[in-house]
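Colleague: Need the 3D shape of this:
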Amino acid sequence: MRWALVKVCLAVTSMVVVAFAVPLGLVIKEMARDRAFSDAERQAATIGPTLSITTDRDELETAVLTTEPGSVGRMAVHIPAAAEPGSRPVEIGARRATRKDLETVRKSGRASITEVPGGSALLQPTALGSGDIAVVEVFVPEGEESNGVATAWLMLAGVGAALIVGSVAVADRLGVRMVEPAQRLAGAAHDLGEGRLGTRVPEEGPTELRSAAVAFNSMADQVVQLLANERELAADLSHRLRTPLTVLRLNAASLGEGPAAEQTRAAVEQLEHEVDTIIRTAREQRPQTQGMNSGPGAGCDASEVIRERMVFWSALAEDEGRKVRLAGVDRAVRIPVARPELVAALDALLGNVFRHTPEGTAFAVDVHHSGDAVIVLVSDAGGGIADPKAALARGGSGRGGARSTVGSTGLGLDIVRRVAESTGGDVRIGRSVLGGTEIRIWIWRDGRRPEQGRRGHRVGRQRRRLRFAGRS
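Modeller: Next up is the predicted model:
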């Protein structure tokens, strides 16, 4: 496709260059010829005043030699014989035109150009004082007729070649811009077919390919969601087997002693273990949407997503009289979190600000980032959380004792924790500078927590620097 575009552009540009260069070259040649004969006509006119006052040979020869063509033997003057008996015609200079051409010009009284050996001759009729017509002949060599034409043609050829080369270069760049997104799309489709579900395609290139990339990413997200639903369904169906397995295990325990009873109890225990394994595997194994196996489009721009969601929540905040502050989203920050997951986490946190703080309570969203990590701070000026540890425990499990002791806080920290921990980060609750709650989401940009030891000092400095930025 790329080379086909280059060939088409080369053919079209060549046709255009030829269509313009050939006529322009002919015009330049004609202009050079007209310039040469215009100069010859001007030189012929300089001898006219002398012919009008005298026909003396010596004086005419002197006048002819003072002209530029006369000094190099290119001008001749032909004076017919006078009416007096015994007079003879006067010929000054070398004649190149035929006598027939001279007589024709003398009778017609109009200038003429005739072909002569080595070039052309301009025949200019000039009136004498006696009323007769003399003919001034100016010889124009072939070289002067095409003077400067070769240089002009070379310049035209150079401009044409430059246009062709430039158009080919532009076509090649356009071809690359069209082909590379198509190749990425084909490669992503191949990767997705091989089971790398984290593969995504950057939404770049021409409009049609961007639309195809959007459709591919949407399809991949749906595939991931369908697989997740399938695993969850498998876990739920396997969980239903626990009740009959419990009854079966109790019945096997009452079988007494003996090889058959021992085999039955061992089989029930093995079956129960396999069911537990199925449930645990189905719930823990999720499609790979982050990490090392994710494609270049598996993550998202955190700044773009936060700006987009803040537009939505700012409208509701304006209705409730809440002051909103957004900072740190002025440049792109790529994180290894799928866009829907980050949107869900932000909506959960911002939604809780509106649900659990009175109207008019201010809130803020700040993004701090550097080379390895990004922290997102959601702060409010509400009453805060009395027991952050219990809230985090609830967010981590979403069931059990934390809920019974604290009650439903409505923070939705399960979603937020899952987003942060998928990159090796974490979630923390503290006191904000606004006086209320601060939820800190720590996200590692490379999708995994850096190893300690060799990189431990640098990671420690990174954490201290981001924490300090979060307090500012």
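
Colleague: Whichever strand or helix holds residue 377: partners in the sheet, and parallel or antiparallel?
Modeller: Here residue 377 sits within strand 373-380, counting by DSSP states H and E. Sheet pairing for strand 373-380, assigned by DSSP bridges, gives strand 363-369 (antiparallel), strand 437-444 (antiparallel).

Colleague: contacts for the first one?
Modeller: With CB atoms under 8 Å, 6 or more residues apart in numbering as the contact definition, strand 363-369 has outside contacts at 302-303, 306, 310, 317, 322-329, 333, 346, 350, 353, 357, 374-381, 432, 434, 436, 445, 466, 469-470. Where you see a C-beta, it was placed from the backbone N, CA and C, and this is true even at glycine.

Colleague: Residue 360: how many residues sit nearby?
Modeller: 11 (other CB atoms under 10 Å).

Colleague: Then the one 3 residues further on?
Modeller: Neighbourhood size, residue 363 [other CB under 10 Å]: 24.

Colleague: where does the stretch 51-200 of the chain dip in pLDDT?
Modeller: Scanning the stretch 51-200 of the chain for pLDDT under 70 picks out 83-87, 175-176.

Colleague: hey, where'd the strands end up in it?
Modeller: 75-79, 90-92, 112-116, 119-127, 133-141 (DSSP state E, counting those that start in this stretch).

Colleague: Now tabulate these in JSON lines and tack on mean neighbour count and distance to residue 203.
Modeller: Output for those, formatted as JSON lines (neighbours: other CB atoms under 10 Å; distance: least, CB to CB, whole Å):
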{"stretch": "strand 75-79", "mean neighbour count": "24", "distance to residue 203": "78"}
{"stretch": "strand 90-92", "mean neighbour count": "17", "distance to residue 203": "87"}
{"stretch": "strand 112-116", "mean neighbour count": "15", "distance to residue 203": "70"}
{"stretch": "strand 119-127", "mean neighbour count": "20", "distance to residue 203": "69"}
{"stretch": "strand 133-141", "mean neighbour count": "23", "distance to residue 203": "69"}
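
Colleague: Quick one: these as JSON lines, columns for distance to residue 30 too.
Modeller: Converted to JSON lines, the strands of the stretch 51-200 of the chain look like this (distance: least, CB to CB, whole Å):
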{"stretch": "strand 75-79", "distance to residue 30": "24"}
{"stretch": "strand 90-92", "distance to residue 30": "32"}
{"stretch": "strand 112-116", "distance to residue 30": "13"}
{"stretch": "strand 119-127", "distance to residue 30": "14"}
{"stretch": "strand 133-141", "distance to residue 30": "14"}
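
Colleague: any idea which residue sits dead centre in this protein?
Modeller: What sits nearest the mean C-alpha location of the chain, by CA atoms, centre = their mean, is residue 205, with 6.4 Å.

Colleague: quick one, what contacts it?
Modeller: 177, 178, 180, 181, 182, 213.

Colleague: Now residue 358: closest residue in space, sequence neighbours ignored.
Modeller: Distances taken as CB to CB, 6 or more residues apart in numbering place residue 382 nearest to residue 358, at 7.4 Å, with adjacent residues excluded.

Colleague: before we move on, back to that, highest mean neighbour count across the strands paired with strand 373-380, which stretch is it?
Modeller: Highest mean neighbour count among the strands paired with strand 373-380 (mean count of other CB atoms under 10 Å): strand 437-444, with a mean of 24.

Colleague: contact partners of that one?
Modeller: 302, 335-337, 345, 349, 372-380, 382, 384-385, 411, 413, 416, 419-420, 423-432, 450, 466, 470.

Colleague: And stretch 335-349, what's buried?
Modeller: 335-339, 341-346, 348-349 (16 or more other CB atoms under 10 Å).

Colleague: Restricted to helices, list those.
Modeller: Judged by DSSP state H, helices contain the following of those: 339, 341, 342, 343, 344, 345, 346, 348, 349.

Colleague: In JSON lines, list those residues along with distance to residue 125.
Modeller: Output for those, formatted as JSON lines (distance: CB to CB, whole Å):
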{"residue": "339", "distance to residue 125": "90"}
{"residue": "341", "distance to residue 125": "98"}
{"residue": "342", "distance to residue 125": "95"}
{"residue": "343", "distance to residue 125": "94"}
{"residue": "344", "distance to residue 125": "99"}
{"residue": "345", "distance to residue 125": "100"}
{"residue": "346", "distance to residue 125": "97"}
{"residue": "348", "distance to residue 125": "103"}
{"residue": "349", "distance to residue 125": "102"}
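
Colleague: nearest to residue 153, of those residues?
Modeller: residue 339 (60.2 Å; CB to CB).

Colleague: quick check, the residue nearest to residue 358 in a strand?
Modeller: No - judged by DSSP: H, G, I helix; E, B strand; the rest coil, residue 382 forms no part of a strand; its state is coil.

Colleague: Distance of it relative to residue 352?
Modeller: Distance, residue 382 to residue 352, by CB to CB, to the nearest Å: 10 Å.

Colleague: what residue ranges in the stretch 351-472 of the chain are flagged as low confidence?
Modeller: In the stretch 351-472 of the chain, residues with pLDDT under 70: 393-412, 447-472.

Colleague: 90 - rerun?
Modeller: Where the stretch 351-472 of the chain drops to pLDDT under 90, the residues are 351-359, 369-373, 382-426, 433, 435, 444-472.

Colleague: any idea which of the ones in helices among the buried residues of stretch 335-349 is the one closest to residue 17?
Modeller: For these, the nearest to residue 17 is residue 339 (48.6 Å; CB to CB).

Colleague: picking up where we left off before, which among the buried residues of stretch 335-349 gets closest to residue 11?
Modeller: Nearest to residue 11 among those, with distances taken as CB to CB, is residue 339, at 43.9 Å.

Colleague: Looking at strand pairing, list the partners for the nearest residue to that closest one once chain neighbours are set aside.
Modeller: Take residue 339 and drop its neighbours on the chain: the residue closest to it by CB to CB, 6+ apart is residue 300, 4.0 Å away. Counting by DSSP bridges, residue 300 is bridged to residue 335.

Colleague: Look up how far residue 41 lies from the nearest residue to residue 90 once chain neighbours are set aside.
Modeller: Excluding the flanking residues, the one nearest residue 90 by CB to CB, 6+ apart is residue 79, at 3.9 Å. Using CB to CB, we find residue 79 at a distance of 19 Å from residue 41.

Colleague: go on, residue 133?
Modeller: On the measure of CB to CB, residue 133 and residue 41 end up 17 Å apart.

Colleague: related to what we said a few turns ago, next, the contact list for the residue nearest to residue 339, please.
Modeller: Residue 300 sits in contact with 334, 335, 337, 338, 339, 342, where contact means CB under 8 Å, 6+ apart.

Colleague: tell me which of the residues you listed is nearest to residue 26?
Modeller: Nearest to residue 26 among these, with distances taken as CB to CB, is residue 334, at 59.6 Å.

Colleague: contacting residues around that closest one?
Modeller: 299, 300, 301, 302, 445 are the contacts of residue 334 under CB under 8 Å, 6+ apart.

Colleague: shouldn't the last one be in contact with residue 337?
Modeller: Put plainly, it is residue 445. No - counting by CB atoms under 8 Å, residue 445 does not reach residue 337; the two are 9.9 Å apart.

Colleague: so what's in contact with those two at the same time?
Modeller: residue 423.

Colleague: And for residue 257, the neighbour number?
Modeller: Residue 257 has 7 neighbouring residues, counting by other CB under 10 Å.

Colleague: Nothing else from me, thank you.
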